[in-house]
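Q: Give me a 3D structure for the following:
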Amino acid sequence: MDYKTTLTSLYYLLICADGKVDERELALGRKMMEAEGLGLATFDSQLEALKAKDISALYNDCLAGLKKLDNKQQTRAIAWLCVIANSDGFMDKAEWILIYKIYHTELKLSLDEVMKTQKELNKIIHGKSFQSLGVRVAK
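A: So this is what the prediction gives:
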């Protein structure tokens, strides 16, 4: 998987993580792809194809794809996940678990670098730098 395919696949894993797809997650997914230079038609067709894939197999494919990327691209991909997960104001617990498992356990990325990149991405899509570290725990 190249960077853009890996990013699309990670995005799909994220929006499926909590079982609820929020409109803001969809809108930010489109902004992410615009910022990364992937056409929306390609993005939509890739998402449609991912619906037929087993989530566990997709997770493994994403990890393999991430491990082929350099550290900067890995960090950027994880930062995008954080931005999208926070799009509704709080990161859902299932989303946080997915992101943490990938960035900390699997890739051992620097949290400081992920947060710094997250701020940069927020500036690109919102015109301002902000971040939310809140985790919403569903009862």
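Q: got a list of contacts for the host helix or strand of D44?
A: Taking DSSP states H and E as the criterion, D44 maps to helix 40-50. Outside helix 40-50, the residues that touch it by C-beta atoms under 8 Å, 6 or more residues apart in numbering are T5, T8, S9, Y11, Y12, G29, R30, M33, E34, L58. Where you see a C-beta, it was placed from the backbone N, CA and C, and this is true even at glycine.
Q: from those residues, which two are the most distant?
A: E34 and L58 (23.1 Å; C-beta to C-beta).
Q: residues in contact with the most centrally placed residue in the chain?
A: With distances taken as C-alpha atoms, centre = their mean, L81 lies nearest the centre of the chain, 2.4 Å away. By C-beta under 8 Å, 6+ apart, the residues touching L81 are L10, Y11, L14, E95, L98, I99, I102.
Q: Check the burial of the nearest residue to the fourth one once chain neighbours are set aside by counting its neighbours.
A: Excluding the flanking residues, the one nearest E95 by C-beta to C-beta, 6 or more residues apart in numbering is A85, at 4.1 Å. Taking other C-beta atoms under 10 Å as the criterion, the count of residues near A85 is 25.
Q: Right, I'll call it a day here.
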